[in-house]
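J.: need coordinates for the following:
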Amino acid sequence: MPIERLCCLLLGAAIVVRLFVTGMPAPFEDTAAAALWDRLGHAGVYALACALFLIGTSRRMPFAVAAAVAMVGALDELQQAFRPGGHADTLDFVADACGAFFAASLMSVKWSKDPPCAESLER
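T.: Below you'll find the model as predicted:
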């Protein structure tokens, strides 16, 4: 396994571990704008995790990877429901899943336009 793929897998795992240990930071204000930025933060973090896992897995099964990352978001919201002082929110999970599937979709479209490698043309 090339070192770049290993680093991406480790960074993706580090994001997941950090989310389970500390969670996403709460917004400073309780306004609609703060809630929007909170959702965008959720989507961005889970999109980044999905992209790192996709690079680490050599772009194999992008939507299965996105589904796994979305399930991590669901588990994160579930454990927040049971954490003292935690607050589970369905819209946070929706933002997590949207970020993961957006990253998988975007990376799939980009990779489908890449030219084939020389080895695949020799057949």
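J.: list the residues that contact the residue positioned nearest the centre of the chain.
T.: Centroid check for the chain by C-alpha atoms, centre = their mean gives Y46 as the closest residue, at 2.6 Å. Residues in contact with Y46, defined by C-beta atoms under 8 Å, 6 or more residues apart in numbering, are V69, A70, V72, G73, A95, D96, A97, G99, A100, A103. Yep, even glycine has a C-beta here, placed from its N, CA and C like the rest.
J.: so for it, what's the pLDDT?
T.: We note a pLDDT of 95 for Y46 in this prediction.
J.: which strand or helix spans it?
T.: helix 32-56 (DSSP states H and E).
J.: mind listing what's buried in that helix?
T.: 38-39, 41-43, 45-56 (16 or more other C-beta atoms under 10 Å).
J.: distance from the chain centre to that helix, please.
T.: 6 Å (C-alpha atoms, centre = their mean, to the nearest Å).
J.: from now on call the first residue 3
T.: Let's use 3 as the start, then, which means that last one is helix 34-58.
J.: report the backbone C-alpha coordinates of the helix or strand just after it in PDB.
T.: For helix 34-58, the succeeding helix or strand toward the C-terminus, using DSSP H and E, is helix 64-84. Included here for helix 64-84 are C-alpha records, laid out as PDB according to Å, rounded to 0.1, in the frame of the first residue of the first chain:
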ATOM      1  CA  PRO A  64     -17.500   5.100  -3.400                       C
ATOM      2  CA  PHE A  65     -21.100   4.900  -2.400                       C
ATOM      3  CA  ALA A  66     -20.500   2.100   0.000                       C
ATOM      4  CA  VAL A  67     -17.700   4.200   1.600                       C
ATOM      5  CA  ALA A  68     -20.100   7.200   1.700                       C
ATOM      6  CA  ALA A  69     -22.800   5.000   3.400                       C
ATOM      7  CA  ALA A  70     -20.300   3.800   6.000                       C
ATOM      8  CA  VAL A  71     -19.300   7.400   6.700                       C
ATOM      9  CA  ALA A  72     -23.000   8.400   7.000                       C
ATOM     10  CA  MET A  73     -23.500   5.500   9.400                       C
ATOM     11  CA  VAL A  74     -20.600   6.900  11.500                       C
ATOM     12  CA  GLY A  75     -22.600  10.200  11.600                       C
ATOM     13  CA  ALA A  76     -25.700   8.300  12.700                       C
ATOM     14  CA  LEU A  77     -23.700   6.600  15.500                       C
ATOM     15  CA  ASP A  78     -22.300   9.900  16.500                       C
ATOM     16  CA  GLU A  79     -25.700  11.400  16.900                       C
ATOM     17  CA  LEU A  80     -26.900   8.400  18.700                       C
ATOM     18  CA  GLN A  81     -24.100   8.500  21.300                       C
ATOM     19  CA  GLN A  82     -24.700  12.200  21.700                       C
ATOM     20  CA  ALA A  83     -28.200  11.400  22.800                       C
ATOM     21  CA  PHE A  84     -26.800   9.400  25.700                       C
END
